[in-house]
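Engineer: what follows is a predicted protein model with its sequence.
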Amino acid sequence: LDERKFAQKAGLGVIGAHGCVISQKLGSFFHIGYIMTNIHPENLSAFIPAKPPETQGCSGCGKCARVCPGDALGSRTPIFDYKRCVSYLTQCKGELKEGEKRIMGDWVFGCDLCQNACPMNRGKYLGTIDNAEETRPKLSDLLNLTNAGFKARFAGTAAGWRGKKILQRNAAIVLENLRA
């Protein structure tokens, strides 16, 4: 199920060129959740707006496409190509192909370049990062993580749910890319 389409239909925002839902209030820096239920749709009608509120969103400026390292939003295809998205590649399981490894560049986990470039996000992101080491950890530290060290450092984070092996795979790929 594509939660973004449900969010747009419910009036939370519009799907931008970067593939994220853009809310006028929040920009695209928010998470969408949904609940699967066996309640019949007629019984939910009180919770669904008859007509979603009008929303403004993506202007099609192309800033997100221009900063995308994998050209996931660019000229190769008119739609979002998740297999070229750095964030997807750093989170997917399994071995990556050589071209995918090159796309990752020096990203160990995730990528928000497209959202950072989006004018709809200007002045909207309210979070802070207290420790720069968490945004660019030492690759050697990641490669030498024990299970206990991984849990202590990454439990409760976005990287924590994916697991130690993925982070270590990514750290090895980044080292390889930096040597190239």
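Structural biologist: Ah, there it is. Residues are numbered from 1 along each chain as shown.

Engineer: any weak-confidence spans in this structure?
Structural biologist: 41, 43-56, 75-78, 125-135 (pLDDT under 70).

Engineer: just want the most central residue of it.
Structural biologist: Closest residue to the average C-alpha location of the chain: Ser87 at 5.4 Å, with C-alpha atoms, centre = their mean.

Engineer: does it really touch Cys111, like I thought?
Structural biologist: Yes. Here Ser87 reaches Cys111: they are 4.6 Å apart, a contact under C-beta atoms under 8 Å. For glycine as for every other residue, the C-beta is placed from the backbone atoms N, C-alpha and C.

Engineer: what about the residue nearest to Arg136 when sequence neighbours are not counted, neighbour count?
Structural biologist: Distance criterion C-beta to C-beta, 6 or more residues apart in numbering; nearest residue to Arg136, sequence neighbours excluded, is Val108 at 8.0 Å. Using other C-beta atoms under 10 Å, Val108 has 21 neighbouring residues.

Engineer: what about the helices in this structure?
Structural biologist: Taking DSSP state H, the helices of the chain run over residues 3-9, 63-67, 86-91, 98-104, 113-117, 132-135, 139-143, 147-154, 164-179.

Engineer: which residues touch the third one?
Structural biologist: By C-beta atoms under 8 Å, 6 or more residues apart in numbering, the list of residues contacting helix 86-91 from outside reads 68-70, 72, 82-83, 96, 100, 103-105, 107-113, 162, 166, 170.

Engineer: and if we set it to 10 Å?
Structural biologist: 19, 68-70, 72, 80-83, 85, 96-97, 100-101, 103-105, 107-115, 158-159, 161-162, 166-167, 169-170, 173-174 (C-beta atoms under 10 Å, 6 or more residues apart in numbering).

Engineer: please indicate which of the residues you listed are buried?
Structural biologist: 19, 68-70, 72, 80-81, 85, 96, 100-101, 103-104, 107-109, 111-115, 159, 162, 166-167, 169-170, 173-174 (16 or more other C-beta atoms under 10 Å).

Engineer: can you list the helices of the chain in CSV and add distance to His40?
Structural biologist: Shown next, in CSV, are those (distance: least, C-beta to C-beta, whole Å):
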stretch, distance to His40
helix 3-9, 17
helix 63-67, 39
helix 86-91, 35
helix 98-104, 43
helix 113-117, 37
helix 132-135, 45
helix 139-143, 48
helix 147-154, 41
helix 164-179, 40
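
Engineer: would you mind saying which of those helices lies nearest Ile39?
Structural biologist: Closest to Ile39 of the helices of the chain is helix 3-9 (C-beta to C-beta; 15.1 Å).
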